[in-house]
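A.B. asks: here are the coordinates; sequence isn't available:
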């Protein structure tokens, strides 16, 4: 009978841990949260010939201090859950700093196997690592791997299994903390003898933690109130214990490295050369602006809109006509024909036409992320972000918000300060997500035929300004406080792999198609019904249930210039998904069989004009996001209060700004 | 003939539409983005898989 | 007058003598390899004037000037 072997993956951020995790577990992954916190927990299964292995992915950390949630989770898991082996992924091209975590992991007492990753990168830098020597000096197994190419994984698993079965000698070496501290450690270890806690915890680790004044450990050992004299003695040991211990750890590492690593004098890597330009004092900002504009241009102009027209025609004329004919021939009832053609093809098709734009948008975002440029963005924008009380790290979720607000909001987890995080979460929905795009494109094409790009760009810009403005207000009132400190590694640039990009973009495209085929499909069906019927049977549009609902809420929007039921109903359904606003319009105006924006323009001209169309778009830009995003806000803030606040204040801001646009616009004579 | 097809087709479409709408809304309220297909390894954060414990 | 990391210009290097300050930032910097005796080079300053990017222990790290002030160079 095989027992399940549990291994934990630990390592620095950016060391290839996720790649290794995916390589080991393939698609057999489970993603959840660590209990009680909003940190993602990933587990997966690996089937080796004779063994069943459970792989737990720990959060990436630089060390195991008890200060941040990620570190506590990693540390607690290893100590409390006692995995059979801890696989420590070490970036060979960054080996010194990576080994810092290794020394701490080894002290925890569980067996550690080092997976020395990115051997190819290290080699290309001229590094020469004597792996055997390294292993001997550390006293633990070291397995070279290249996770991205799936090389060395079998050997790694083999070694891990052997360590579990004690078939490989394992004798970890420890950093020497100098005579004074080592004496104290020995003293404490002796005093722990017989303590039942030793079954679980390594005595040396406990001793070190006590000396470091670690509150959690002291509580465990009931040493919180121990006598003042002993404490005072420890104090005099070194005025600055923290730095002393960190020092000793690095000395241990440097010593080992000097004996096992040969590297050429610091050379200028390709990454450094690229940064000379991209984060250049003079060129950095303009280049950033250029890149942002390039993304925009690529999404809307270059590829997006050309394909859009083609797809539009396909749906409206070809498909609708075709389906219509077939259904007629078969003799299907009129009403069902209408449901299928006007309701579903019209409604869903009206959204699907935007697939190319959305694919382009996500492609661009993926390239920015995978290449490592995002870290540079945080670096460049930090000073500006500080002016609104946030840090450069808060800027990244804002850019991600242009794709989809839900994962962007989850990206705020990197902000350690809770106030900063809350602010970033609350302003994120103002960064116009991809689902709102179809609404802008539709209205811009209908009412501003030769200036679509400018109009849409102005909306995105407005969203950014409002986000910053509101962020400033929050930071000066509700969430006053110092901004999160900024200490960030700038990992080397990577050429995004074709495979990687395809996976990300396909993920989003598939998701979009699924959304269209499920949520939007269902919503269109319901809309078709409520717009064609009321309780007495099929009726004219204006007498329908849908119109009735719209009419109840329409007066709210009167000061905004679009106090009509069509707009009201569309906006309400937009809470489900922003694209549904477009579906709604398609069904109301029966555009299914007419392809062009001219048709839409004509149809909408009855209810909107240029000014009110713009005000409407502003409202759509700013108002309450979709259910999914609201749910993510609730989950990440863990508070109904803030979720409710977010829903209400966004509606308020949208209403107010759109109202200003309309009122001032009217006064100016637009 | 047309009647039967109408009936079958209607039942299928309306049945599917209603079911999928409710399911999607439920999914959304759990914060699970309907627009994410999880085909990639990207940490989009959706929790559509539940952890073992 | 002590020389701090903040005084170094892009391209200049130095050896760290001590790390002053208190709290989580200091700890984080030390975890990342900013400790006594380590060689550190200033790579560049961000376009808006802050933060700075340094090369230490073979990799690139960025942090703010106000924290750089606490890093004393020999």
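C.D. replies: Cool, the structure landed. Just so it is clear, the structure is predicted and the values come from calculations on it, not from any experiment.

A.B. asks: From here on, just use CA atoms for contacts and neighbour counts.
C.D. replies: Will do.

A.B. asks: helices and strands of chain C: which one has the lowest mean pLDDT?
C.D. replies: In chain C, no helix or strand scores lower on mean pLDDT, DSSP states H and E than helix C:23-31, which sits at a mean of 87.

A.B. asks: In chain B, where is pLDDT below threshold?
C.D. replies: B:1-2, B:31-53 (pLDDT under 70).

A.B. asks: Tell me the helix or strand right after the least confident helix or strand of chain C.
C.D. replies: Proceeding N to C from helix C:23-31, the next assigned helix or strand is strand C:39-45, under DSSP states H and E.

A.B. asks: still on that earlier bit, in the least confident helix or strand of chain C, which residues are buried?
C.D. replies: C:25, C:26, C:27, C:28, C:29, C:30, C:31 (16 or more other C-alpha atoms under 10 Å in any protein chain shown).

A.B. asks: That helix near chain A anywhere?
C.D. replies: Yes - using C-alpha under 8 Å from any C-alpha of the partner chain, helix C:23-31 comes into contact with chain A via C:24, C:25, C:27, C:28, C:29, C:30, C:31.

A.B. asks: Tabulate the buried residues of helix C:23-31 in JSON lines, adding columns for distance to residue B:5.
C.D. replies: What follows is these, written out as JSON lines (distance: C-alpha to C-alpha, whole Å):
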{"residue": "C:25", "distance to residue B:5": "71"}
{"residue": "C:26", "distance to residue B:5": "74"}
{"residue": "C:27", "distance to residue B:5": "73"}
{"residue": "C:28", "distance to residue B:5": "69"}
{"residue": "C:29", "distance to residue B:5": "72"}
{"residue": "C:30", "distance to residue B:5": "74"}
{"residue": "C:31", "distance to residue B:5": "71"}
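
A.B. asks: Let me know the closest of these to chain B.
C.D. replies: The shortest gap between chain B and any of those belongs to residue C:28, at 25.1 Å (C-alpha to the nearest C-alpha).

A.B. asks: quick one, what contacts that closest one?
C.D. replies: Neighbour list for residue C:28: residue A:487 [criterion: C-alpha atoms under 8 Å, 6 or more residues apart in numbering or on different chains].

A.B. asks: Would you mind measuring from it to residue A:648?
C.D. replies: 39 Å (C-alpha to C-alpha, to the nearest Å).

A.B. asks: With residue A:664 instead?
C.D. replies: Counting by C-alpha to C-alpha, the gap from residue A:664 to residue A:648 is 24 Å.

A.B. asks: swap in residue A:478?
C.D. replies: Counting by C-alpha to C-alpha - residue A:478 and residue A:648 are separated by 16 Å.

A.B. asks: what does residue A:43 give?
C.D. replies: 37 Å.

A.B. asks: Looking at those two, which one has more neighbours?
C.D. replies: Set side by side, residue A:43 and residue A:648 show more neighbours around residue A:43, with 22 against 13, by other C-alpha atoms under 10 Å in any protein chain shown.

A.B. asks: Just want the residue of chain C that's nearest chain B.
C.D. replies: Nearest residue of chain C to chain B (C-alpha to the nearest C-alpha) works out as residue C:61 at 24.0 Å.

A.B. asks: so how many other residues sit close to the spatially closest residue to that residue that is not a sequence neighbour?
C.D. replies: Closest residue to residue C:61 apart from its sequence neighbours, by C-alpha to C-alpha, 6 or more residues apart in numbering or on different chains: residue A:489 at 4.4 Å. If you count neighbours by other C-alpha under 10 Å, residue A:489 ends up with 19.

A.B. asks: For chain B, which residues are neighbours of chain C?
C.D. replies: Counting by C-alpha under 8 Å from any C-alpha, chain B has no residue next to chain C.

A.B. asks: the strands in chain B, which residues?
C.D. replies: Under the criterion DSSP state E, strands are not mapped anywhere in chain B.

A.B. asks: show me where it has helices.
C.D. replies: According to DSSP state H, chain B carries its helices in the segments B:2-29.

A.B. asks: Now do the phi/psi pair for residue 4.
C.D. replies: Because you didn't say which chain, this covers chain A. Backbone torsions for residue A:4, taken as degrees, to the nearest 10, come to phi -70, psi 130.

A.B. asks: wait, I meant chain C there
C.D. replies: The phi/psi pair for residue C:4 (degrees, to the nearest 10) is phi -110, psi 170.

A.B. asks: In contact with it, which residues?
C.D. replies: With C-alpha under 8 Å, 6+ apart, residue C:4 has these contacts: C:68, C:69, C:70, C:71, C:72, C:73.

A.B. asks: Now with 10 Å, please.
C.D. replies: C:14, C:16-19, C:67-74 (C-alpha atoms under 10 Å, 6 or more residues apart in numbering or on different chains).

A.B. asks: same check, this time on residue A:285
C.D. replies: Counting by C-alpha under 10 Å, 6+ apart, residue A:285 has contacts A:278, A:279, A:291, A:377, A:380, A:381, C:46, C:47, C:48.

A.B. asks: Top of those residues by number of neighbours, please.
C.D. replies: Once you tally neighbours by other C-alpha under 10 Å, residue A:380 ends up highest among those, having 28 neighbours.

A.B. asks: What pLDDT does the model give that one?
C.D. replies: On pLDDT, residue A:380 comes in at 93.

A.B. asks: OK, contacts around it?
C.D. replies: By C-alpha under 10 Å, 6+ apart, the residues touching residue A:380 are A:278-281, A:284-285, A:288, A:374, A:392, A:395, C:45-52.

A.B. asks: So which of those are in strands?
C.D. replies: If you go by DSSP E, the contacts of residue A:380 have C:45, C:52 in strands.

A.B. asks: list the buried ones in stretch A:191-200?
C.D. replies: Residues residue A:192 are the ones in stretch A:191-200 that count as buried (16+ other C-alpha under 10 Å).

A.B. asks: Can you check the distance spanned by it, start to finish?
C.D. replies: This stretch, stretch A:191-200, spans 16 Å end to end (C-alpha to C-alpha).

A.B. asks: which residues sit against that stretch?
C.D. replies: Stretch A:191-200 is touched from outside by A:79-82, A:109-110, A:185-186, A:189, A:203-204, A:206-207, A:220-221, with contacts defined as C-alpha under 10 Å, 6+ apart.

A.B. asks: Repeat the analysis, applying 7 Å as the threshold.
C.D. replies: Stretch A:191-200 has contacts (C-alpha atoms under 7 Å, 6 or more residues apart in numbering or on different chains) with no other residue.

A.B. asks: How much space separates residue A:214 from residue A:3?
C.D. replies: Using C-alpha to C-alpha, residue A:214 is found at 35 Å from residue A:3.

A.B. asks: Comparing the two, which shows the higher neighbour count?
C.D. replies: residue A:214 (14 against 9).

A.B. asks: which non-adjacent residue is nearest the more buried one?
C.D. replies: Excluding its sequence neighbours, the residue lying closest to residue A:214 (C-alpha to C-alpha, 6+ apart) is residue A:66, at 7.6 Å.

A.B. asks: How about residue C:64?
C.D. replies: Per C-alpha to C-alpha, 6+ apart, closest to residue C:64 is residue C:51, 4.2 Å.
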